[in-house]
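Participant: Got a sequence here, can you model it:
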Amino acid sequence: MTLSIRALSLAAMLSVASVAGAMAQDNPMVGGAAMYADKNIVENAVNSADHTTLVAAVKAAGLVDTLSGPGPFTVLAPVNAAFDALPAGTVETLLKPENKEMLSTILACHVIPAKALSTDIASMVKADGGEHVVDTVGGCKLTLKDVDGKITVTDENGTVANVTIPDVIQSNGVIHVIDAVLTPKSAM
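Facilitator: As a prediction, the model looks like this:
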């Protein structure tokens, strides 16, 4: 009888652990917050402590409604440290109302008008012989590469962003967290 109770307890613990593991996969942590697949890009991003600058920029650019819309979108989401790495005063200047159009263009260069998981990107890169160019909502051309299973994104100015957290599923697309801010050729 004791053996049966122990076996049942072990089975229950394994079952709970496997459910918790599945939940963790379904709701990855970004910036200390769980990202829920049934919430849209904006609803999730506002909870990430690593994306407060991005969220402020999206609000200042008037893009909340767009990124809350049906999509599908692939958003390359720079972390706060990526914005901090820009030249001093850049973020403050971009957040000014008179620079709303430029800010909107820069942010739109982080949005691909399709849902592209990392496996999709890797397949496109492989099919194109090592790199794949995509057009963004902002009119930028980004070059995607798969380097030893890690996705990189290069903008028109040669800035390379690494995808640090791929495949954060959203109700209206997917977010890939990146470590650099991408800009159009004409900006900055």
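Participant: Low-confidence regions, this structure specifically.
Facilitator: For the chain, the stretches flagged by pLDDT under 70 are 1-26, 186-188.
Participant: Name the residues that touch the longest strand anywhere in the chain?
Facilitator: In the chain, taking DSSP state E as the definition, the longest strand is strand 160-170. Strand 160-170 has contacts (CB atoms under 8 Å, 6 or more residues apart in numbering) with 26, 28, 30, 35, 37, 39-41, 44, 71, 73, 76, 78-79, 82, 117-118, 150-155, 174-182. From N, CA and C alone the C-beta is placed, and that goes for glycine too.
Participant: Next SSE downstream of it?
Facilitator: strand 173-178 (DSSP states H and E).
Participant: strands paired with that next one, and their directions?
Facilitator: strand 73-78 (parallel), strand 160-170 (antiparallel) (DSSP bridges).
Participant: what's the offset of that strand from the middle of its chain?
Facilitator: 2 Å (CA atoms, centre = their mean, to the nearest Å).
Participant: Comparing the strands paired with strand 173-178, which comes out most buried?
Facilitator: The highest mean neighbour count among the strands paired with strand 173-178, using mean count of other CB atoms under 10 Å, belongs to strand 73-78: a mean of 24.
Participant: now what about the next helix or strand after it, what contacts it?
Facilitator: On the C-terminal side of strand 73-78, the nearest following helix or strand under DSSP H and E is helix 80-84. By CB under 8 Å, 6+ apart, the residues outside helix 80-84 that reach it are 50-54, 57, 90-91, 161, 178-181.
Participant: now swap in stretch 57-77 and tell me
Facilitator: By CB under 8 Å, 6+ apart, stretch 57-77 touches 40-43, 45, 51, 54, 83, 91, 94-95, 97, 100, 103-104, 107-108, 110-116, 137, 142, 153, 161, 163, 170, 172-178, 182.
Participant: Which stretches in the protein count as helices?
Facilitator: Ranges of helices within the chain are 2-26, 41-45, 52-60, 64-68, 80-84, 90-94, 100-108, 118-127, based on DSSP state H.
Participant: Name the residues of the third one that are buried.
Facilitator: Spelled out, that is helix 52-60. 53-55, 57-58, 60 (16 or more other CB atoms under 10 Å).
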